[in-house]
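Asker: Fold the following.
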Amino acid sequence: MTSQDSPAEAQPTTSTLPLAKAINAALRDALAADAKTLLIGEDIGKLGGVFRVTDGLQAQFGEDRVIDSPLAESGIIGTCIGMAMRGYRPVAEIQFDGFVFPAFNQITTQLAKIHNRADGAVSVPVTIRLPYGGHIGSIEHHSESPEAYFAHTAGLRIIAPSSPQDAYWMTRQAIACDDPIIILEPKRRYWLKGEVSTADPAPDAFTAQVLRSGTDATLATYGPLVPVALAAAEVAAGQGRSVEVVDVRSISPLDDETIARSAAKTQRLVVAHEAPTFGGFGAEIAARVSERAHHRLAAPVLRVGGFHMPYPPTAQEHRYLPDIDRMLEALERSFAYPSATA
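Answerer: Modelled structure (predicted):
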């Protein structure tokens, strides 16, 4: 697999933006930088998308660059594959996470395989924007976390920004990459504000980052739960515990080296995600860290996630989704094991 050089920089600016507006800015700059970049999705043009992430882009770049598609996810991805094979860089929006499954065959058996099938002669630089996760008061098919399905498929890159700065630059880096990429956009964080500098790139999209240093335990997560993990670490600090927070950021490829290094330092690791723990991606992180740093750990790797059940009705989603209390409870279970000797 190959990637292009870093995307062309926009005019240097720094501003405070909600995460959704940071993505909008990234898409606008990508469209302006390359005439072969285009957007396609349901209601993304005149409406600006159900979350208004693409607001104003069709008016600026026209209906040939920002395309309102029929309600057919398989058709959206199939069209993107064909356009990518003809030299374009299509960016598809799947309206909600649970709507991606009609396109599952196109993504896993076609998009992910073409580069290898062609022995490297054909690239399919398709970016799939996938608003995912819960806590927006919606029911099943609107609040899913399907990352494990796609992480099992070789040939796809999967990334999850958690801040406006990351959302801007990870979107730009994804569009510039020659590999197919799924961007998991944490829709409950679309209105989270933060500073965005278009002159100061975020770290490489495919690396994990330590957001808070600590010495007693590591809390690793990604996407919508990063602010929850930081809040849990702050509460733990008030209880005399020093918790390191790692933003995984890239699910595939997984930067297990950064996570394992942190876990080896603190001797404890808790992994959290909104998806069910059973078969969830946290199990892969736990296995990788156990293989790399088992002799340095004082406690088993613990996981915090959703329950193994269909996504609940709106009134019950607060019981289903991991929160600060569940993260702190997992940390306390880890602290119950005595520290390993040096």
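Asker: Would you point out the helix or strand in the chain whose mean pLDDT is lowest?
Answerer: None of the helices or strands of the chain scores lower by mean pLDDT, DSSP states H and E than helix 317-320, at a mean of 90.
Asker: Which secondary structure elements does the following helix or strand past that helix sit against?
Answerer: Next along the chain after helix 317-320, taking DSSP states H and E as the criterion, comes helix 324-335. If contacts are counted by 3 or more Cβ pairs under 8 Å, 6 or more residues apart in numbering; DSSP states H and E, helix 324-335 sits against strand 217-221, helix 226-238, strand 269-276, strand 302-306. For glycine as for every other residue, the C-beta is placed from the backbone atoms N, C-alpha and C.
Asker: For these, please prepare JSON lines with the additional fields mean pLDDT.
Answerer: Converted to JSON lines, the helices and strands packed on helix 324-335 look like this (pLDDT from 0 to 100):
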{"stretch": "strand 217-221", "mean pLDDT": "98"}
{"stretch": "helix 226-238", "mean pLDDT": "98"}
{"stretch": "strand 269-276", "mean pLDDT": "97"}
{"stretch": "strand 302-306", "mean pLDDT": "97"}
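Asker: Tabulate those in TSV, adding columns for mean neighbour count.
Answerer: Formatted as TSV, the helices and strands packed on helix 324-335 follow (neighbours: other Cβ atoms under 10 Å):
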stretch	mean neighbour count
strand 217-221	29
helix 226-238	19
strand 269-276	26
strand 302-306	23
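Asker: can you tell which of these is closest to residue 324?
Answerer: Taking Cβ to Cβ, helix 226-238 is the member of these nearest to residue 324, at 4.7 Å.
Asker: any residues touching the closest one, and which ones?
Answerer: Helix 226-238 is contacted from outside by 162-163, 189, 192, 211-212, 214, 217, 219, 221, 242-245, 247, 272, 322-324, 327-328, 331, using Cβ atoms under 8 Å, 6 or more residues apart in numbering.
Asker: So how do I select the buried members of those residues in ChimeraX?
Answerer: Per 16 or more other Cβ atoms under 10 Å, the buried members of those correspond to this ChimeraX selection:
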select :162,163,189,192,211,212,214,217,219,221,243,244,245,247,272,322,323,324,327,328,331
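Asker: ok, back up a step: alpha carbons only: can I get the least confident helix or strand of the chain in CSV?
Answerer: Taking C-alpha atoms only, helix 317-320 is exported to CSV below (Å, rounded to 0.1, in the frame of the first residue of the first chain):
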residue,chain,number,x,y,z
GLU,A,317,-28.9,4.5,26.0
HIS,A,318,-27.3,6.2,29.0
ARG,A,319,-27.3,2.8,30.8
TYR,A,320,-25.8,1.1,27.7
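Asker: Touching it from outside, list them.
Answerer: Residues from elsewhere that reach helix 317-320 (Cβ under 8 Å, 6+ apart): 134, 135, 137, 143, 306, 307, 309, 311, 312.
Asker: ok, so what distance separates the last one from residue 140?
Answerer: Which is residue 312. 8 Å (Cβ to Cβ, to the nearest Å).
Asker: These two: which has the busier surroundings?
Answerer: Ranked by neighbour count (other Cβ atoms under 10 Å), residue 312 and residue 140 place residue 312 first, with 18 against 12.
Asker: For the more buried one, give its distance to residue 184.
Answerer: Distance of residue 312 to residue 184, computed by Cβ to Cβ: 21 Å.
Asker: which regions of this structure sit below the pLDDT cut-off?
Answerer: Scanning the chain for pLDDT under 70 picks out the ranges 1-12, 340-342.
Asker: Thanks again, I'm all set now.
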